[in-house]
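Chemist: From the sequence below, what's the structure:
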Amino acid sequence: MTKRREADIRLLPRFMLALAAAMLVVPASAAEEGAPEAAPGLAVPPHEAIYHASVRGIPVSVGLRLEQQDGDYFQYRSWAEPRGLLGFIRRELTETSLVHIEDGRVVPVSYRKRDEFGDRHSAMRFDPYAGEVHIEYRGSSQTLDWEPGIYDLLSLRLALAHDLARGQLAEVYRVVDDRGRIEEVDVEVAARETIDTPLGKLETVRLEYRSRRRDRLFRLWIAPDMDAALVALEQYEGDSLRGRLNIVEYSRLEPAAP
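Modeler: From the prediction side, this is the model:
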């Protein structure tokens, strides 16, 4: 693989940041209708989803898996790796977040990213008692002030889903990245559309998220009748489409035994 191709694949963390705006979003009405069988303490069902994506023309496979751990602890993991003609490259980008449901809200516990393309590994540890988040990135560390309502890139997805399902969606969410930068996230409902997918025609709600810090627009299609799973995503910079993601597989996972 050329250095140019490897540099393009390293854009995956930025592309996957878009998922934080709507992954696992469950409308409040879905919980009332009994659609998803959510795990205790979390208004989102354990599941696994597989997506195909294209980043600057590079075919990529993306996976997302939510599992219940002990009690009200949940692990959410994502991974991305080349596919197709580039599938022989045994490298991947993985992110893992551990969260706790406390007083009805999602509280991040830890976050870890392993980037085998750019050797940009990072980790976060949230300390609610000290009001701090400890960040390690590429061999350096820093400690920032932290308060409930600031999430890592993965726990934000669960917080949005959980709050929507309970009818308590906030107007603004904040996310901290591995460099200690905090960004505000706004999400709005743009339209209802029917789209074709490998899983058939799906009725969706299209959400739009615009980055406040950068000129980036994200369009996300959510299927309320399929556990409100994310089924498609587009990322724009200015008027240019930078990447698209489409669902190819979805399955429920059994909740942990009590």
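Chemist: Assign a three-state SS to D163, would you?
Modeler: State at D163, reduced to three classes by DSSP: H, G, I helix; E, B strand; the rest coil: helix.
Chemist: I'd guessed D177 sits against L154; true?
Modeler: No - applying CB atoms under 8 Å as the test, D177 and L154 come out as separate, 11.6 Å apart. Where C-beta positions appear, they are placed from N, C-alpha and C, glycine not excepted.
Chemist: and these two? which has more neighbours close in?
Modeler: L154 (28 against 19; other CB atoms under 10 Å).
Chemist: Model confidence score at E132, please.
Modeler: pLDDT for E132: 97.
Chemist: which residues does it form a beta bridge with?
Modeler: Residues in a beta bridge with E132, per DSSP bridges, are D127, D145.
Chemist: Please name the residues that touch it.
Modeler: Residues in contact with E132 (CB atoms under 8 Å, 6 or more residues apart in numbering) are F126, T143, L144, D145, W146.
Chemist: L42 contacts I101, doesn't it?
Modeler: Yes - counting by CB under 8 Å, L42 touches I101, with 5.5 Å between them.
Chemist: out of those two, which sits in the more crowded spot?
Modeler: Counted by other CB under 10 Å, L42 and I101 do not tie: L42 has more neighbours, with 22 against 19.
Chemist: part of a strand, is that one?
Modeler: No - counting by three-state DSSP, L42 is located in no strand; its state is coil.
Chemist: how near is it to Q69?
Modeler: 11 Å (CB to CB, to the nearest Å).
Chemist: Please apply the same query to E193.
Modeler: With CB to CB as the criterion, E193 and Q69 are 36 Å apart.
Chemist: what do you get for V172?
Modeler: 29 Å.
Chemist: Mind checking which of those two has more residues around it?
Modeler: Q69 (13 against 10).
Chemist: List the buried residues in the helix or strand in which I50 is found.
Modeler: Using DSSP states H and E, I50 maps to strand 47-55. Neighbour counts over strand 47-55 (16 or more other CB atoms under 10 Å) mark H47, A49, I50, Y51, H52, A53, V55 as buried.
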